[in-house]
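Colleague: what would the 3D arrangement of this be:
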Amino acid sequence: MHPDLTARAARNAAIQERAAAEMLAIGVDQAFVATLVNTFYDRVRAHPALGPVFDARLDGRWPQHMEKMVAFWSSLAFRTGAYGGKPVQAHHGVANMTPDLFPQWLALFSQTLDDIAPSPEAKTWFMTTAERIAKSLTLSLFYNPAVDDPAGR
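Modeller: Below is the predicted model of the structure:
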């Protein structure tokens, strides 16, 4: 193997090992990630504002979405790089998605973590990550510099 590839593989293994140790220290394992995703999306489906938006987009594809979300959150938590999707592109063109849904999504995520997180540190880690994701998606999907620029008003 080429020395650069060997060094990259070793670096990636060290990152994953560190992430696994950090997650273990706060009580997070793969089983918790799956429980979090399944519990949260069960609640999303029952939510009066979020449910219809998700159901319209994922009708007949919920099992695939759940697998993808477990892979997504596992990849983030354990730094595996296993998730190869494109979240911004996946959310473009979703019917009836508005910026005001993101705070509701975050509130529901927080409530879910309140109910099932194995530790306060786990809740903090997942909420911080979710808030960063929500902000990124909101900016990517709804920010319009021509409209939002204070100098242009």
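
Colleague: going forward, measure contacts between C-alpha atoms and count neighbours the same way
Modeller: Will do.

Colleague: tell me the secondary structure of T98, please.
Modeller: coil (DSSP: H, G, I helix; E, B strand; the rest coil).

Colleague: make that P118, sorry
Modeller: coil.

Colleague: how close does R132 get to T6?
Modeller: Per C-alpha to C-alpha, to the nearest Å, R132 is found 32 Å from T6.

Colleague: ok, N12 next?
Modeller: 10 Å.

Colleague: of the two, which one has the most company?
Modeller: N12 (15 against 11; other C-alpha atoms under 10 Å).

Colleague: and the helix or strand encompassing the more buried one, average pLDDT?
Modeller: Element membership of N12 [criterion: DSSP states H and E] is helix 3-25. Averaging pLDDT along helix 3-25 gives 88.

Colleague: average pLDDT across the following helix or strand past it?
Modeller: Using DSSP H and E, the helix or strand that follows helix 3-25 in sequence is helix 30-46. Mean pLDDT, helix 30-46: 97.

Colleague: mind listing what's buried in the helix or strand following helix 30-46?
Modeller: Past helix 30-46, further along toward the C-terminus, the next helix or strand under DSSP H and E is helix 50-58. Neighbour counts over helix 50-58 (16 or more other C-alpha atoms under 10 Å) mark 50, 52-54 as buried.

Colleague: what's the answer for stretch 26-39, then?
Modeller: So stretch 26-39, judged by 16+ other C-alpha under 10 Å, has buried residues 26, 28-30, 32-34, 36-39.

Colleague: same check, this time on stretch 96-105
Modeller: Neighbour-count burial for stretch 96-105 [16+ other C-alpha under 10 Å]: 97, 99, 101-102, 105.

Colleague: and if you look at stretch 119-128?
Modeller: Across stretch 119-128, burial judged by 16+ other C-alpha under 10 Å covers 122-123, 126-127.

Colleague: so which of those residues sit within helices?
Modeller: 122-123, 126-127 (DSSP state H).

Colleague: from the residues you listed, which is closest to A82?
Modeller: For these, the closest approach to A82 (C-alpha to C-alpha) belongs to F126, at 18.0 Å.
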